[in-house]
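Chemist: quick one, fold the following:
(chains A and B)
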There are 2 protein chains.
Amino acid sequence: MILYSMPSSGNSYKIRLLLALANKAADIVDCEYGSERLNRAKADGTLPYGKVPALALDDGTVLGESDAILWYLGEGTDFIPANPVTRAQMLGWMFWEQYNHEPVIAVRAALMTYPHRAADATPERLADLLDRGHAVLQAMEDRLSGHDWLAGDAMSLADICLYGYTHTAGSLGGFDMQRFPAINDWLARIEAQPGYQALSA
Amino acid sequence: MILYSMPSSGNSYKIRLLLALANKAADIVDCEYGSERLNRAKADGTLPYGKVPALALDDGTVLGESDAILWYLGEGTDFIPANPVTRAQMLGWMFWEQYNHEPVIAVRAALMTYPHRAADATPERLADLLDRGHAVLQAMEDRLSGHDWLAGDAMSLADICLYGYTHTAGSLGGFDMQRFPAINDWLARIEAQPGYQALSA
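Modeler: This next block holds a predicted model:
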């Protein structure tokens, strides 16, 4: 398998983290924003939806969408719950991540860190994203205050998925993580897993 | 099962359509925008993430997120492909729908049809959404020009999911559907399925 992955992107990192935790191997092709390698992969049609991450299988099929790739790699592992209700709750958090979390938490971090996004980083927009982001994080805090994991009672793809952009929400996105002790405990719980690999690794 | 459903919402309609196509029964509780019933369900904590649709199971568990509910109800039916790669491609379209399609296609329709959204419907915003929406629809057109269905060679949850807001993209969202003949054929293919039920039914 070949993983087309953007080193700085939480959506790509999710996949690398699952590979590490599940002890699965893939060749990683770094496609950083603006790189010649990314532009080439976009131009030659390698990437479904024109986006990274993308996972090329040995038969040439290329899967897109980070959370769908997580699902594919997660099948047959303990990271997909056996219980159908828990499985649906896990997917619920993953859809919520794409609709509610990423467009706020990841976007604020991108506006603050990627030079090509600086022109969009108006004070009004950053302030709006800050308020909305704290509300998004509060939804995670509410769940994690009473539970160790987002879906069911074991670590699942939902936790790997949400870890991607949540663990840098303070350092890159400027969100006030002091407000969210249960999230901080949960981040530490993931970082203590055997095989854990950091974003920059 | 009890489905909390917003009659006018494509996200809620997806679930009703799957129930009809799969011949499954649920009690439907109408929660239209601004209704007392919706406000009550939000206030009493019935709705995960505070959103409809939500599916209450017989044991009291309530599932949220439209596409996760589709997954739950689709398990054991032919609408989830048996092939793991096709299954991941199906989920890829569903995640793409929440991230790329709904925030453009559904949002433009909402701005144009819901009175409480009218103040946000500036000409600049509508023009921007129109351009982005045509690009989103083109991605579907590209796939459907060579295939009858979005994932694999049979109808799946991806088709039901994307049908939700695509079938009203012209009538409610003002998108130019004449540009997308393969999408129009695909809409007709879905509407010809046994058990098909329209949005307003």
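
Chemist: is the helix or strand of chain A at the bottom of the mean pLDDT ranking anywhere near chain B?
Modeler: In chain A, no helix or strand scores lower on mean pLDDT, DSSP states H and E than helix A:36-43, which sits at a mean of 91. No. Helix A:36-43 lies apart from chain B when judged by Cβ under 8 Å from any Cβ of the partner chain; the minimum separation is 13.6 Å. In short, each C-beta sits where N, CA and C put it, glycine included.

Chemist: now for the helix or strand following that helix, which elements pack on it?
Modeler: The element immediately downstream of helix A:36-43 (helix or strand, assigned by DSSP states H and E) is strand A:54-56. Under the contact criterion of 3 or more Cβ pairs under 8 Å, 6 or more residues apart in numbering or on different chains; DSSP states H and E, strand A:54-56 touches strand A:2-5, strand A:62-64, helix A:66-74.

Chemist: ok, 10 Å please
Modeler: With contacts defined as 3 or more Cβ pairs under 10 Å, 6 or more residues apart in numbering or on different chains; DSSP states H and E, the packing partners of strand A:54-56 are strand A:2-5, helix A:10-21, strand A:27-30, strand A:62-64, helix A:66-74.

Chemist: and the ones you listed, which is most packed in?
Modeler: helix A:66-74 (a mean of 26; mean count of other Cβ atoms under 10 Å in any protein chain shown).

Chemist: about what we covered before: so which of the helices and strands packed on strand A:54-56 gets nearest chain B?
Modeler: In terms of Cβ to the nearest Cβ, the element of these nearest to chain B is helix A:66-74, at 3.7 Å.

Chemist: avg pLDDT for that closest one?
Modeler: Here helix A:66-74 scores 98 as its mean pLDDT.

Chemist: can you name the element that comes right after that helix?
Modeler: In the C-terminal direction, the helix or strand that comes right after helix A:66-74 (DSSP H and E) is helix A:84-96.

Chemist: so what secondary structure elements neighbour that next one?
Modeler: helix A:66-74, helix A:123-146, helix A:157-166, strand B:62-64, helix B:66-74, helix B:84-96.

Chemist: still on that earlier bit, list the buried ones in the least confident helix or strand of chain A?
Modeler: A:L38, A:A41 (16 or more other Cβ atoms under 10 Å in any protein chain shown).

Chemist: picking up where we left off before, now distance to B:K42 too, for the helices and strands packed on helix A:84-96, in JSON lines please.
Modeler: Putting the helices and strands packed on helix A:84-96 into JSON lines (distance: least, Cβ to Cβ, whole Å) gives the following:
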{"stretch": "helix A:66-74", "distance to B:K42": "26"}
{"stretch": "helix A:123-146", "distance to B:K42": "14"}
{"stretch": "helix A:157-166", "distance to B:K42": "23"}
{"stretch": "strand B:62-64", "distance to B:K42": "12"}
{"stretch": "helix B:66-74", "distance to B:K42": "16"}
{"stretch": "helix B:84-96", "distance to B:K42": "25"}
